[in-house]
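Trainee: Here is a sequence with its predicted model. Questions after.
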Amino acid sequence: MSFGFLPSWHDILPREGGHVVTLRGAGGKTRFIQAMTGVLRSENLSVAVARDGADESLDWPGLVRSLPTDLPADDPLLHVVAADGGTGGLTPTEVDELGGVLQDHVLFYETASGVGRHRVGETAATLPARTSLLVTVCDLGVVGHTADSVFGPDAPIPASWLTPHDDRSVWSWDGLVAWLGAQTACPEGAATPPPQLVVLLGMDECLDSIGLFACVGRLMDELEIPLVIMGDTSGPEPRLRSAYTLAPDVSA
C-alpha cells in the first residue's frame, strides 16, 4: 500500500462543536489528547475532555474541572469529571448526553483500556453512540518485548500473533497489526463503525524504521485504516506526522 503525508498532522481533526472523538488503546492517549487540545485551542476552538475511568486531575494550563451537572458551557477548555468528583469516570451514555449539551466544544473521550498495558477486543458498549472519530493509540515500544511484559496473564492473545525468540514469545509487528485489527468496534445503535485512525507513538524507542513503515502499509491495506499518525509526544512539543492512503494508479 502506498501512502503520502499530510502537510500538518492535525489537518484531520474535527473543528466543529458537537464532535465526540473517542480514544482507546494504551501508551500515550492522554498525551495525544493534550496535543490535539493544544492545536484546537491555538485556533480559539473550545474543547472538553472526559474519561471513563478513575479520573486524576490534569495539570493543563487553563483547564477548568467541572461536573456534568454544573457545566460552565461558555468556558473554552473543560475537564468534565463524574458527578462523584471523578472517582468513577463518565459512561458512554453520559458522554452522549454531554456531547448534546456542549454543542460548541469538540469532546475528547479517553477510555481506560488496560489488561496489563493493553486490552484486547473492545466491545460496542464501550463506545459512545455519538462517536464521530475513533482513535486507537499504541506505543511502539512494545515491539521486541516479551508478551508477558505487555499483557496481563488473563489477556486472550493467540500464540500465532507472537514470534518465538529464545524460547520466549516476543511482541512483533505481526502482533501489533493483529492487536489493532481486534479493536474494531461499532457504537451501540450505529449502523456502521465511525471513521477510524491509528496513532503509533514512541517512535524514539523504535529502531526498526523498515518494520514501522511496512506496518503502516499493512494497517492501510489489511485493516483498511485510511490514516495513521506516528511520532512522539514525550517532549515539550509533539513531533507527529499523518500518513494517508494513496489512491491506486488506475491509468496503467
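Mentor: Structure received.
Trainee: CA atoms for contacts and neighbours, from now on please.
Mentor: Fine.
Trainee: For the longest strand seen in the chain, which strands pair with it and how are they oriented?
Mentor: Ranked by residue count under DSSP state E, the longest strand found in the chain is strand 131-139. In the sheet, strand 131-139 lines up against strand 20-26 (parallel), strand 196-201 (parallel) (DSSP bridges).
Trainee: what's it in contact with?
Mentor: Strand 131-139 is touched from outside by 19-29, 180, 183, 187, 194-202, with contacts defined as Cα atoms under 8 Å, 6 or more residues apart in numbering.
Trainee: rewinding a little: weakest of the strands paired with strand 131-139 in terms of mean pLDDT?
Mentor: Note on the strands paired with strand 131-139: strand 20-26 shows the lowest mean pLDDT, a mean of 89.
Trainee: those helices in the stretch 1-150 of the chain, which residues are they?
Mentor: Residue ranges of the helices in the stretch 1-150 of the chain, as given by DSSP state H, counting those that start in this stretch, are 29-42, 92-101, 147-150.
Trainee: Throw those into a markdown table and include mean neighbour count, distance to residue 51 and mean pLDDT, thanks.
Mentor: Formatted as a markdown table, these follow (neighbours: other Cα atoms under 10 Å; distance: least, Cα to Cα, whole Å; pLDDT from 0 to 100):
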| stretch | mean neighbour count | distance to residue 51 | mean pLDDT |
| --- | --- | --- | --- |
| helix 29-42 | 18 | 10 | 93 |
| helix 92-101 | 19 | 9 | 88 |
| helix 147-150 | 17 | 22 | 60 |
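Trainee: Run through the stretch 151-252 of the chain and note the low-pLDDT ranges.
Mentor: 151-169, 183-190, 248-252 (pLDDT under 70).
Trainee: coming back round to it: weed out the non-buried ones from the contacts of strand 131-139.
Mentor: 19-29, 180, 183, 187, 194, 196-202 (16 or more other Cα atoms under 10 Å).
Trainee: still on that earlier bit, nearest to residue 69 among the helices of the stretch 1-150 of the chain would be which one?
Mentor: helix 92-101 (9.8 Å; Cα to Cα).
Trainee: That closest one relative to strand 131-139, how many degrees between them?
Mentor: Relative orientation of helix 92-101 and strand 131-139, computed by axes from the mean of the first three to the mean of the last three Cα atoms, to 10 degrees: 120 degrees.
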